[in-house]
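**Student:** Generate coordinates for the sequence data below:
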Amino acid sequence: MGDRLRCPLGHLNLSPFLPYRSAVPTFISIDDPDDPRLELYRDIRERDMVGRRGLFVAEGETVLRVLAGQDRFRPLSVLIAAKRLAKLTPILDTLPEQTPVYLATQPVLDGIVGFELHRGILAIADKAPPQTACDLLAALPANALVMALVGISNHDNMGGLFRNAAGFGVDAVLLDPTCCDPLYRKAIRVSVGGVLRVPFARLDEGDDLIGLLERHGFTPVALSPSGETALSRLPAMSRPALLLGAEGPGLQEATLARCRTVSIPMAPGFDSLNVAVAAGIAPHQLRAS
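**Tutor:** Purely as a prediction, here's the structure:
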């Protein structure tokens, strides 16, 4: 197993990868896929299915940059292919002090995670203490835009929704109890770090989503193919809350009956979009109105 050393590291010749720097952070060389220090990185895909006891995995350069640049989630360690060190050094320098940075050759890295990790970049981080939906809404500005998700169970869609939320300045995302975990590795990756940027809270079983929004001064706006108003004709409002349901079942009639309903007009014979695509159109319109 590798030892904790100053560069150069163990059996790895990092000289081709390191730029000239006056100070070099402490790294950990890994040359054994079974090194016990890498337990949290082992068999990543299988661990995705069972959870990580309050931790999550961030994957890829863009996501690592976002993780290192925010203060909601605490990075615990980073594992990268040694050949990527020079390019990642500016990001690694912004990590909290003494965060372990493990380096390995690509074959060793693949042996640890259990598949070919082409991006060569992973990090383990702590999930932030959960915030209640009530507290999250109470802290938002007067002109806030909220996205409320109901029944979103596909991690690609969840990631796309958070990517749009981050891109269009959504102030917060609410999740009903049936939504999947936005801190699932694939959801974070698809969101290109948006999950780490946009505050979110999960409602408890039995919470009244519409009532909660209205008590905090938000106007619930439900997106549905049968919406009464075309999205482009929706009048401006100071605190809209955009409700989105899962593809297929959508939002329940009881929910729609309590909301201002809007639709995105489409070509004849076609009435629906992927929920993440729809969520890219609607926030843009709500912000512009």
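**Student:** Have a look at this protein and report its longest strand.
**Tutor:** For the chain, the strand with the greatest residue count under DSSP state E is strand 74-81.
**Student:** just checking, next helix/strand downstream of that one?
**Tutor:** helix 85-92 (DSSP states H and E).
**Student:** about what we covered before: packing partners for the longest strand of the chain?
**Tutor:** helix 61-68, strand 101-104, helix 106-113, strand 121-126 (3 or more C-beta pairs under 8 Å, 6 or more residues apart in numbering; DSSP states H and E). Quick note: C-beta positions are derived from backbone N, CA and C, even for glycine.
**Student:** What residues of the first one count as buried?
**Tutor:** So the one you mean is helix 61-68. Residues of helix 61-68 classed as buried by neighbour count (16 or more other C-beta atoms under 10 Å): 62-68.
**Student:** Could you check the angle it makes with helix 85-92?
**Tutor:** Helix 61-68 and helix 85-92 are oriented at 30 degrees to each other (axes from the mean of the first three to the mean of the last three C-alpha atoms, to 10 degrees).
**Student:** Between strand 74-81 and helix 61-68, find me the angle.
**Tutor:** Using the same axes, to 10 degrees: helix 61-68 against strand 74-81 is 150 degrees.
**Student:** Name the residues that touch helix 61-68?
**Tutor:** Here helix 61-68 makes contact (C-beta atoms under 8 Å, 6 or more residues apart in numbering) with 58, 73, 75, 78, 84, 87-88, 91-92, 94-95, 119, 121, 123, 125, 188-189, 192-193, 196-197.
**Student:** residues in contact with the spatially most central residue of the chain?
**Tutor:** Centroid-nearest residue in the chain, with C-alpha atoms, centre = their mean: Val195, separated by 2.4 Å. The contact partners of Val195, taken as C-beta under 8 Å, 6+ apart, are 159, 162, 182-183, 187-188.
**Student:** Asp204: how many residues sit nearby?
**Tutor:** 9 (other C-beta atoms under 10 Å).
**Student:** what's the closest non-adjacent residue to it?
**Tutor:** Pro177 (6.7 Å; C-beta to C-beta, 6 or more residues apart in numbering).
**Student:** quick one: contacts for Leu88?
**Tutor:** So Leu88 contacts 61, 64, 80, 121 (C-beta under 8 Å, 6+ apart).
**Student:** Got the confidence number for it?
**Tutor:** What the model reports as pLDDT for Leu88 is 95.
**Student:** What distance do you get for it to Ile124?
**Tutor:** As judged by C-beta to C-beta, to the nearest Å, Leu88 and Ile124 stand 16 Å apart.
**Student:** Then Pro268?
**Tutor:** Where Ile124 is concerned, Pro268 sits at a distance of 50 Å (C-beta to C-beta).
**Student:** Between these two, point out the one with more neighbours.
**Tutor:** Ile124 (20 against 5).
**Student:** Need the pLDDT of the more buried one.
**Tutor:** pLDDT, read off for Ile124, is 94.
**Student:** Same question for His118.
**Tutor:** 81.
**Student:** Would you list the phi and psi of it?
**Tutor:** Phi and psi for His118, reported as degrees, to the nearest 10, are phi -60, psi -30.
**Student:** which residues touch stretch 224-237?
**Tutor:** 219, 221, 223, 245, 250-251, 256, 260-265, 271-272, 281-282, 285-286, 289.
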